[in-house]
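Trainee: structure for the following, please:
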Amino acid sequence: MTNETIKGGLSRRQILGWAGGGLAAGLLPLAGRADDKRAASISSTSSVALASTGIAGKRVVVVGGGMAGMTAAKYLRLWGGVGLQVTLVEPDALYTSNIMSNLVLNGSRTVASLQFRRDALTTRYGVVRKSGRVVAIDPLSRSVRLADGSALGYDRLVLAPGVVFDDAYGLTQADYDTRTPHAWSAGPQTTLLRNQVAAMRDGETFVMTIPKAPYRCPPGPYERACVVADYLKQAKGRNCRVIVLDENSTIQAERHSFETAFTQIHADVVEYVPGVSGIVIDAASKFVRYADALGATQQIQAQVVNPIVPHRATGSAPGGWLAQSGLNNGLNGRWASVNVLSYESTAAGREGIHVIGDAASCGMPKAGHVANQEAKICADAIVRLFSGGTPDPQPVANSACYSPITASTASWLTAVYQYDPMDSKMKVAASGGQTMINGAPATATEASSINSEHFKDMGTWFKTLMADTAG
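Mentor: Got it, this is the predicted structure:
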């Protein structure tokens, strides 16, 4: 199938690479920032010309209205044309961005400023929106059943359900909501954590935990430690402590930037402890016990505890709808394994079901920008399949991520991912397209410094990405 040219003379392959840090600035409508009273509505007065593909009578149901689901719904219509019916199933009226949500903790943003409507998906692209929650999938009849008892038939199903959080470290879901918030889904828990941090006094201790990878980012755990440390230094005093208990043996992203932040910029406040295990947290007393990398038992009395707990694809727990459908076939049943050429499930007998975003096990980070890219590859593949073709055999995705280090400075990380047919995975590629450099895997590119210009660019990148996702 050819790469149809759409509005502005841009091809579908060109759009697959959009929304990089600053790359699309000026090309896409910018999302307005909301005030505390209303959510931002991503919209544009320009008309949208849907592709003319000849596809008719085909139905795609997209489950989940986050970064992956919104992008998939939008681009399925944009590239599939008016003959492709796209229904987006999502229970929440607004989307709250996890990107930038750590800035709520230092008061520079509010949760309301991160909320966006999905109106443009309907008004500009003709996506049918259905308020509901999926409770079951019938792969044989190709239908999904919703909590209200209704059912939706599909020719292709795209699942972008996001993640749910385990009861971990001796804590429960009620603890997360009321006493020890993970705040890993932006919303009420973010506000609760913000209030707890704001109530701290000089000399008190903030403890956060980081689970073994893979985990969703954003919010970024290491940037959260930096934002909280910076706030406490400025607002409470330099006798506060931020203790980071990482179950991984080393920093997982932007290692140079965060090593600099922990050992220089915030060295007087942050204590980074890698390789921990056996974490136990008392929600009432905020007493934390763990084993260090040498196996010795350690304990901390904290005033605020932020446990970033292990998580998994929504519905993948035993008895969940994803598990009952046999789709949780990756990493001990926690994620859904997919063919990265189309994001179609690799589970036997689950043809026509695609999984994208945080719920997928695909080798790329579980990040908002990556979800946007996965959704485009998936949408492109589905349109090609409906047109009698095959998925692009050489998909390319890019990822950009900005990390605030203080209230006015930031760093960044960017990577290009290219399909490697040798092991059917997406891998980081160097500028020349090679996935191996001098016998070693290519790596992501990290900012050489932490500065205020990166912080300004972060705002532009975020607005551009959100506009491309749902605008």
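
Trainee: so what secondary structure elements neighbour the helix or strand that contains C401?
Mentor: Assigning secondary structure by DSSP states H and E places C401 in strand 396-404. When contacts are defined as 3 or more C-beta pairs under 8 Å, 6 or more residues apart in numbering; DSSP states H and E, strand 396-404 packs onto helix 221-235, helix 368-386, strand 410-420, helix 452-470. C-betas here are computed from N, CA, C, even on glycine.

Trainee: could I get these as JSON lines with mean pLDDT, distance to A112 and mean neighbour count?
Mentor: Shown next, in JSON lines, are those (pLDDT from 0 to 100; distance: least, C-beta to C-beta, whole Å; neighbours: other C-beta atoms under 10 Å):
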{"stretch": "helix 221-235", "mean pLDDT": "98", "distance to A112": "19", "mean neighbour count": "24"}
{"stretch": "helix 368-386", "mean pLDDT": "98", "distance to A112": "18", "mean neighbour count": "27"}
{"stretch": "strand 410-420", "mean pLDDT": "95", "distance to A112": "22", "mean neighbour count": "21"}
{"stretch": "helix 452-470", "mean pLDDT": "97", "distance to A112": "15", "mean neighbour count": "21"}
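
Trainee: looking at the ones you listed, spot the one closest to P139.
Mentor: Minimum separation from P139 across the helices and strands packed on strand 396-404 (C-beta to C-beta) falls at helix 368-386, 16.5 Å.

Trainee: what is the orientation angle of the closest one with strand 410-420?
Mentor: 30 degrees (axes from the mean of the first three to the mean of the last three C-alpha atoms, to 10 degrees).

Trainee: helix 368-386 packs against which elements?
Mentor: Applying 3+ C-beta pairs under 8 Å, 6+ apart, we find helix 368-386 packed against helix 12-16, helix 67-80, strand 156-159, strand 353-355, strand 396-404, helix 452-470.

Trainee: looking at these, which is closest to D292?
Mentor: Ranking the helices and strands packed on helix 368-386 by proximity to D292 (C-beta to C-beta) places strand 396-404 first, at 26.1 Å.

Trainee: what mean pLDDT does the closest one get?
Mentor: Rounded to a whole number, the mean pLDDT of strand 396-404 is 95.

Trainee: circling back to that earlier point, list the buried residues of the strand holding C401.
Mentor: Going by neighbour count (16 or more other C-beta atoms under 10 Å), the buried part of strand 396-404 is V396, A397, N398, S399, A400, C401, Y402, S403, P404.

Trainee: got it, and stretch 73-89?
Mentor: Those would be 73-81, 84-89, for stretch 73-89 by 16+ other C-beta under 10 Å.

Trainee: closest to A429 among those?
Mentor: The shortest approach to A429 among these belongs to Y75, at 22.8 Å (C-beta to C-beta).

Trainee: pipe the helices and strands packed on helix 368-386 into a markdown table and attach distance to K58 per row.
Mentor: Output for the helices and strands packed on helix 368-386, formatted as a markdown table (distance: least, C-beta to C-beta, whole Å):
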| stretch | distance to K58 |
| --- | --- |
| helix 12-16 | 18 |
| helix 67-80 | 8 |
| strand 156-159 | 8 |
| strand 353-355 | 14 |
| strand 396-404 | 25 |
| helix 452-470 | 22 |
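
Trainee: tell me which of these sits nearest to A442.
Mentor: Across the helices and strands packed on helix 368-386, closest to A442 is strand 396-404 (C-beta to C-beta), at 13.2 Å.

Trainee: JSON lines for the helices and strands packed on strand 396-404, including distance to P214?
Mentor: Below are the helices and strands packed on strand 396-404 laid out as JSON lines (distance: least, C-beta to C-beta, whole Å):
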{"stretch": "helix 221-235", "distance to P214": "13"}
{"stretch": "helix 368-386", "distance to P214": "11"}
{"stretch": "strand 410-420", "distance to P214": "15"}
{"stretch": "helix 452-470", "distance to P214": "21"}
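
Trainee: A442 is nearest to which of those?
Mentor: Closest of the helices and strands packed on strand 396-404 to A442 is strand 410-420, at 8.5 Å (criterion: C-beta to C-beta).

Trainee: hmm, back to that, and the furthest pair within the buried residues of stretch 73-89?
Mentor: Spanning the widest gap among those are G81 and V89, at 21.4 Å by C-beta to C-beta.

Trainee: helices and strands around the one helix or strand T209 maps to, which ones?
Mentor: Assigned by DSSP H and E, T209 belongs to strand 205-210. Strand 205-210 is packed against helix 221-235, strand 241-246, strand 297-301, strand 304-307, with contacts defined by 3+ C-beta pairs under 8 Å, 6+ apart.

Trainee: dump those to CSV, plus distance to E254.
Mentor: Output for the helices and strands packed on strand 205-210, formatted as CSV (distance: least, C-beta to C-beta, whole Å):
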stretch, distance to E254
helix 221-235, 7
strand 241-246, 14
strand 297-301, 26
strand 304-307, 20
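
Trainee: for N451, find the nearest of the ones you listed.
Mentor: Nearest of the helices and strands packed on strand 205-210 to N451, taken as C-beta to C-beta: helix 221-235 at 14.1 Å.

Trainee: can you give me how far that closest one is from the chain middle?
Mentor: With C-alpha atoms, centre = their mean, to the nearest Å as the basis, helix 221-235 stands 21 Å off its chain's centre.

Trainee: what's the closest non-adjacent residue to P395?
Mentor: Take P395 and drop its neighbours on the chain: the residue closest to it by C-beta to C-beta, 6 or more residues apart in numbering is I377, 4.7 Å away.

Trainee: the nearest residue to T314 once chain neighbours are set aside and A359: what is the separation?
Mentor: Closest residue in space to T314, ignoring its immediate chain neighbours: P161 at 3.8 Å, by C-beta to C-beta, 6+ apart. Remark: distance between P161 and A359 (C-beta to C-beta, to the nearest Å) = 5 Å.

Trainee: so what sits against both of those two?
Mentor: A313, T314, L322 (C-beta atoms under 8 Å, 6 or more residues apart in numbering).

Trainee: what is the burial count for G319?
Mentor: Using other C-beta atoms under 10 Å, G319 has 7 other residues around it.

Trainee: pLDDT at it, what is it?
Mentor: On the pLDDT scale, G319 is placed at 95.

Trainee: do N3 as well
Mentor: pLDDT, N3: 35.

Trainee: hmm, back to that, sticking with the residue nearest to T314, tell me its helix or strand.
Mentor: P161 belongs to no helix or strand, assigned by DSSP H and E.

Trainee: out of the helices and strands in the chain, which is least certain?
Mentor: Every helix and strand of the chain was ranked by mean pLDDT, DSSP states H and E. The lowest is strand 5-6, at a mean of 30.

Trainee: from the chain's centre, how far out does stretch 245-252 sit?
Mentor: Distance of stretch 245-252 from its chain centroid, counting by C-alpha atoms, centre = their mean, is 19 Å.

Trainee: so that it lines up with my notes, have the first residue be 816 from now on.
Mentor: With 816 as the first residue, the last one maps to stretch 1060-1067.

Trainee: returning to what we had before: so which two of the buried residues of strand 1211-1219 are the farthest from each other?
Mentor: Farthest pair in these (C-beta to C-beta) is V1211 and P1219. Separation: 28.3 Å.

Trainee: about what we covered before: P976 and A1174 - which one has more neighbours?
Mentor: Neighbours per residue (other C-beta under 10 Å) separate P976 from A1174, with A1174 holding more: 32 against 27.
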